[in-house]
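1. could you work out the structure for the sequence below:
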Amino acid sequence: MVERIRLKPKKNGNCSEVGYCKPPTSTQFKPGQSGYPAGRPKGSRNFKTEVRATLQTPVKINKNGRVRKISTQRASLMVLVRKALNGEQRAIEHLLGLAARFDEEPIGIVATGVGVNDRAILDAYVKEARASEAGVTDPDRNELTDDTKNSSQADGSPNERDYGLISVSSH
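-> Alright, predicted model coming up:
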């Protein structure tokens, strides 16, 4: 059988091992050198940042004889509201669209897809929640054990329930 002898490259000061995932040091990026020098320059801002900066710049307005500084965003909304109040249909539609888009409260609960059984469960839950807020307890429901009843009454606060890891308080 023939033995294979592997020759190791000479290690000079300027030569490094080259191979898979080991490119020559002369072709590697130097520290601080970009891989795409013709790309976006440092410090340039994207469109979203530019729009935000533009909307935050202050403008002077004359309101009731007084000159005030407000943001461009607020001034444009005031103009939109004024146009909507004057009856311009496009301004009304745009204002209502903005209100629907940025309103945090849901407009209404859509009941599509809720079956009869699910509706009964939800109604029972609402009824139970209202009864617990009023302090009325149903004697037929015995979910809590005696030790959890005693521990919640020991606190002196009737609105707290201790469910092991989770403590629920309704205020």
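2. report the beta-bridge partners for residue 60.
-> With DSSP bridges as the criterion, residue 60 is bridged to residue 69.
3. show me the contacts for it.
-> Contact analysis of residue 60 by CB atoms under 8 Å, 6 or more residues apart in numbering lists 67, 68, 69. Glycine gets a C-beta too; all of them are placed from N, C-alpha and C.
4. for the residues you listed, could you give me CSV that also reports pLDDT?
-> What follows is the contacts of residue 60, written out as CSV (pLDDT from 0 to 100):
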residue, pLDDT
67, 93
68, 93
69, 94
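5. any of these buried? List them.
-> Buried by 16 or more other CB atoms under 10 Å: nothing, out of the contacts of residue 60.
6. using a markdown table, please lay out the residues you listed together with distance to residue 102.
-> Listed next are these as a markdown table, based on distance: CB to CB, whole Å:
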| residue | distance to residue 102 |
| --- | --- |
| 67 | 29 |
| 68 | 24 |
| 69 | 24 |
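7. relative to residue 99, which of the residues you listed is nearest.
-> residue 68 (24.3 Å; CB to CB).
8. tell me which residues in stretch 120-138 are buried?
-> Quick answer for stretch 120-138: no buried residues (16+ other CB under 10 Å).
9. quick one: residue 127 from residue 119, how far?
-> 12 Å (CB to CB, to the nearest Å).
10. could you give the number of residues near the spatially closest residue to residue 18 that is not a sequence neighbour?
-> Using CB to CB, 6 or more residues apart in numbering and skipping residues adjacent in sequence, the residue nearest residue 18 is residue 24, 5.3 Å away. Residue 24 has 10 neighbours, counted by other CB atoms under 10 Å.
11. thank you kindly, that will do.
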